[in-house]
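> Build me a model:
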Amino acid sequence: MDHQSSIKRFFYLPRNAWVLTSTSAVWSIGAATANPYQTLYFSALGAQPFTVGLLIAYGTGITILSLLVGGYVADTWGRRRVIVVFSWVSVASALMYALVNSYYLLLVPLTLGSVANIYVPAFNSLMMDEIKPSDRIRGFSVFSAVNTAPSVFAPTIGGLLMGQLGMLDGLRIAFLLSALFGVIGVSLRMKMLEETYVVAPAEKHSLLAYSRESLTSGIRAARRSNPMVKKLLLYVTLAGIGTGLTSPFVSIYAVDYLRVSPVDYSIVVDLTGLATVVLMLAVVLLIQRLGARRSVLVASAAAPVSNVIFSQAKTTSGLMEWGVTGSIATALQTPSLASMQAETIPPTDRGRVLSIFSLLPALVSLPSQVAAGYLYSGVSPVAPFLVSVVPFVVAAVILYSARTVRAESGNGVSTERGNLTR
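Residues are numbered from 1 along each chain as shown. Prediction:
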């Protein structure tokens, strides 16, 4: 009984946090079937590497505008309405991916999926509203692990579909599965989710006015934040450059350049996900012992190592080494960065400042994604991964120079967080 009680306490999350966690877990089963192969789908539809970079950069540009609006509406509309409405927009994006028959038409689902990011600051804010400061390391670890666990082997479904039906038709079915599980997850979310942040009715404004107000209010909120928040903003910005250089071409590099079969690559993705889930649950005590800042620092050091390993990989086993290193970084960074953000950002500013945390990496990744397409096709397929080591290393140095500074919360209590969403 005591053992069962300990497990129950470990996995405990407040009701709304469990609603977001469980519905994200359901949705992730379908999403993980298709999302690892998004750029492979672009390529199968006829897009060349440079065009792939442009398409991803276009989506990033729309995401930037969406995050501007999202930070503002999270603090002025309340959390629930924003999350539910734009979760449905994301589901519509997956459905449109399954229906397009030309890479030119990818602009439609890319636009919908990017606009859906309006709900990211509200989602993250609601999680922080719900989880008590003393529970944040454990709570964010449990969220990430439970959110990921059901979809650990879903990428192999996508790999098998590609192997049996061909890359194009197989991924169309995968995106249909993504939309189907999205409908189930968001329907449950709409039924069960409650509001956590009630605001007074505000005067309606145009989209441009929301964007402008969100940007200026977010910048003001970030500027009055303590030095640790500013260091974290610089860290995630530099990491965004590295991510922009690498993420669009991981699957294309593995399948098209290394000639790893889609099924073998999907197994690598599965095992990486499994390792991440196990580590997220296993490292909670380690993170609590090291502290959030040191844990993020270790994760930041693992990022450039992971990309070097990827650039040297020639076989599936080499890709597995890359995946395990990335799992360690993800398991350490996700709950630690979330906890640092939650403790240093007052509740009244969370939506605005978290939008800046999402906005800055997106802003710098836009030119990085275009540059990645040029490097991949014009220099060498391995070039984006090697170049990305530089911003990742600089980000680690920036974080190492940071010192934890406690901030005043919105209610005057002195206290000491990347995205959690699906």
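> ok but Ser368 is inside a helix, no?
Yes - counting by DSSP: H, G, I helix; E, B strand; the rest coil, Ser368 is part of a helix.
> which stretches of the stretch 251-400 of the chain form strands?
Using DSSP state E, counting those that start in this stretch, the stretch 251-400 of the chain contains no strands.
> what bits of it have low per-residue confidence?
348, 350-351 (pLDDT under 70).
> Heading C-terminal from the helix or strand hosting Thr23, find the next helix or strand.
If you go by DSSP states H and E, Thr23 is part of helix 15-34. Using DSSP H and E, the helix or strand that follows helix 15-34 in sequence is helix 38-44.
> That following helix packs against which elements?
Helices and strands touching helix 38-44, by 3 or more Cβ pairs under 8 Å, 6 or more residues apart in numbering; DSSP states H and E, are helix 49-76, helix 167-192, helix 250-252. Heads up, the C-betas are built off the backbone N, CA and C, glycines and all.
> just to revisit the earlier point, report all helices and strands that the helix holding Thr23 contacts.
Here helix 15-34 touches helix 79-99, helix 120-130, helix 136-148, helix 154-165, helix 167-192, going by 3+ Cβ pairs under 8 Å, 6+ apart.
> I'd say Tyr235 and Ile398 touch.
Yes - between Tyr235 and Ile398 a contact is recorded at 5.3 Å, counting by Cβ atoms under 8 Å.
> in stretch 307-315, what counts as buried?
307-311, 313 (16 or more other Cβ atoms under 10 Å).
> Stretch 250-268 too?
Going by neighbour count (16+ other Cβ under 10 Å), the buried part of stretch 250-268 is 250-255, 258, 260, 262-268.
> Looking at these, which is nearest Arg293?
Nearest to Arg293 out of the buried residues of stretch 250-268 is Val250 (Cβ to Cβ; 28.4 Å).
> residue contacts, the closest one?
Residues in contact with Val250 (Cβ atoms under 8 Å, 6 or more residues apart in numbering) are Phe310.
> could we number from 26 for the rest of this?
Sure, I'll start counting at 26 from here, so that last one is Val275.
> Could I have the CA atoms of stretch 327-334 written out in CSV?
Provided in CSV are the C-alpha atoms of stretch 327-334 (Å, rounded to 0.1, in the frame of the first residue of the first chain):
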residue,chain,number,x,y,z
ALA,A,327,25.0,17.6,-24.6
ALA,A,328,23.4,19.4,-27.6
PRO,A,329,26.6,20.1,-29.6
VAL,A,330,27.9,16.7,-28.8
SER,A,331,24.7,15.2,-30.1
ASN,A,332,25.1,17.1,-33.4
VAL,A,333,28.7,16.0,-33.8
ILE,A,334,27.7,12.4,-33.3
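> contact partners of that stretch?
Contacts for stretch 327-334 (Cβ under 8 Å, 6+ apart): 264, 267, 271, 343, 346-347, 350-351, 353-354, 357, 410-411, 413-414, 417-418, 420-421.
> Stretch 344-353 too?
By Cβ under 8 Å, 6+ apart, stretch 344-353 touches 279, 283, 285, 290, 293-294, 296-297, 300-301, 304, 324, 327, 330-331, 334-335, 338.
> one more time with 7 Å, if that's ok
By Cβ atoms under 7 Å, 6 or more residues apart in numbering, the residues outside stretch 344-353 that reach it are 279, 285, 293, 296-297, 300-301, 304, 327, 330-331, 334-335, 338.
> quick one: low-confidence ranges for the stretch 126-275 of the chain?
Within the stretch 126-275 of the chain, the ranges that satisfy pLDDT under 70 run 221-240, 243, 250.
> picking up where we left off before, return the closest of the buried residues of stretch 332-340 with respect to Phe67.
Distances from Phe67 to these, taken by Cβ to Cβ, are shortest for Phe335, at 20.1 Å.
> Please verify my assumption that that closest one contacts Ser413.
No - contact criterion Cβ atoms under 7 Å: Phe335 and Ser413 do not qualify, at 9.5 Å.
> those helices in the stretch 326-447 of the chain, which residues are they?
Along the stretch 326-447 of the chain, counting by DSSP state H, counting those that start in this stretch, helices occupy 341-369, 375-399, 408-412, 414-426.
> if we can go back for a sec, turn the buried residues of stretch 332-340 into CSV, columns for distance to Leu201.
CSV is the format used below for the buried residues of stretch 332-340 (distance: Cβ to Cβ, whole Å):
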residue, distance to Leu201
Asn332, 33
Val333, 37
Ile334, 34
Phe335, 30
Ser336, 34
Ala338, 31
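> and Ile54, what pLDDT?
Looking at Ile54, its pLDDT reads 92.
> sorry, back to before: for the helices and strands packed on helix 63-69, which one sits closest to Ala174?
Once those are compared by Cβ to Cβ, helix 192-217 is nearest, at 14.5 Å.
> how far out from the middle of the chain is the closest one?
18 Å (Cα atoms, centre = their mean, to the nearest Å).
> between that helix and helix 179-190, how many degrees?
Helix 192-217 and helix 179-190 are oriented at 140 degrees to each other (axes from the mean of the first three to the mean of the last three Cα atoms, to 10 degrees).
> Show me what counts as buried in helix 192-217.
192, 195-208, 210-212, 214.
> Including distance to Trp43, could the helices and strands packed on helix 63-69 go into TSV?
Listed next are the helices and strands packed on helix 63-69 as TSV, based on distance: least, Cβ to Cβ, whole Å:
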stretch	distance to Trp43
helix 74-101	20
helix 192-217	9
helix 275-277	32
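> Nearest to Pro371 among those helices would be which one?
Judging the helices and strands packed on helix 63-69 by Cβ to Cβ, what sits closest to Pro371 is helix 74-101, at 11.0 Å.
> who does that closest one touch, helix- and strand-wise?
The helices and strands touching helix 74-101, judged by 3 or more Cβ pairs under 7 Å, 6 or more residues apart in numbering; DSSP states H and E, are helix 63-69, helix 104-124, helix 132-140, helix 145-155, helix 232-248, helix 375-399.
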